[in-house]
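**Q** heads up, no residue letters with this:
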């Protein structure tokens, strides 16, 4: 092992933050290119779907579903804007994020606040509840009533988590500033303006192609993108040796590095998801533009090797539901029963 690699493996999470700061500066030209190619592709597939709708509604569904991938990519850009990572100017980040928020059905200012809470509390057992996937400890689950256990099981079931959940979250839940209802007028304005523009967008679609344009083009695009987005968010923190800790022992940098996954995807999917799989690096330093994350993994093999998760492993991790505070790992229902006994 070279001295450089030895230093990487012994470097603390807090030390990594200083290293990653070198990669924080975005390139305006590169950001505009990424935004342009994503919007162009998104609008091109919309056009193809609407033209196909003239022949048969079923033909329109195919490009609409494919366009769900570009919804995810747009959301990734909105995500970078929320971290002030996409452009150098904060105001430009915010306004680009707000416009994209209409396409992703996500009020930008509401989401930015909730996501900031998620970053500031990720892996903290005492600060769960906003911007995360609900994860109970074995003791908390055991202390629940039968009804409470049933609702948690239903919540964690794949048909709910990745079937009903994405539709509920993006189509209905995002219409109000849930979680920030009493936090001020800014979040209500963000939600209501997004809703008004969204209604105008749907009205225009209706005028172009009637209900078929909404049900066979808009809805499949949105639901596909929402499902992929929820899946990506789920795998970013749900794996056996993730990191959860109580407040006195919790450290934001340590939790960021060790409680976030490196989801290894084929190059086309990595491009389409704008490197969202490199989540451990993002959590360590959220101001990095998504297109600079591969540079980090190329320059630091220790980070490239950390928390690697393949697609197969991510599917297996769907079986994990409860955090064992003693064993410090996520457990399946069967494993949890053995612990409880």
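**A** Alright, I've got the coordinates. Since this is a predicted model, take the numbers as computed values, not measurements.
**Q** low-confidence ranges in this structure?
**A** For the chain, residues meeting the criterion pLDDT under 70 lie at 1-10, 341.
**Q** The helix ranked longest in it - contacts with which helices or strands?
**A** For the chain, the helix reaching the highest residue count under DSSP state H is reported as helix 185-213. When contacts are defined as 3 or more Cβ pairs under 8 Å, 6 or more residues apart in numbering; DSSP states H and E, helix 185-213 sits against helix 28-53, helix 90-103, helix 108-121. Where C-beta positions appear, they are placed from N, C-alpha and C, glycine not excepted.
**Q** hmm, try it at 10 Å
**A** helix 28-53, helix 57-66, helix 90-103, helix 108-121 (3 or more Cβ pairs under 10 Å, 6 or more residues apart in numbering; DSSP states H and E).
**Q** Could you check the angle the helix or strand that comes right after it makes with helix 57-66?
**A** Next helix or strand after helix 185-213 toward the C-terminus (DSSP states H and E): helix 219-235. Between the direction of helix 219-235 and that of helix 57-66, the angle (axes from the mean of the first three to the mean of the last three Cα atoms, to 10 degrees) works out to 30 degrees.
**Q** Give me the distance from helix 219-235 to the chain's centre.
**A** The offset between the C-alpha centroid of helix 219-235 and the centroid of the whole chain comes to 9 Å, using Cα atoms, centre = their mean, to the nearest Å.
**Q** Next, the angle helix 28-53 makes with the longest helix of the chain.
**A** Between helix 185-213 and helix 28-53, the angle formed by their directions is 40 degrees, by the same axes, to 10 degrees.
**Q** now helix 185-213 against helix 108-121, angle please.
**A** Angular relation of helix 185-213 and helix 108-121 on a 0 to 180 degree scale: 120 degrees, by the same axes, to 10 degrees.
**Q** for helix 185-213, which positions count as buried?
**A** The neighbour-count criterion (16 or more other Cβ atoms under 10 Å) identifies 187, 188, 190, 191, 193, 194, 195, 198, 205, 209, 212, 213 as the buried residues of helix 185-213.
**Q** likewise stretch 138-158?
**A** Neighbour-count burial for stretch 138-158, counted by 16+ other Cβ under 10 Å, picks out 138, 141, 152, 156.
**Q** which one of the buried residues of helix 185-213 is nearest residue 118?
**A** Of all these, the one with the least separation from residue 118 (Cβ to Cβ) is residue 187, at 15.7 Å.
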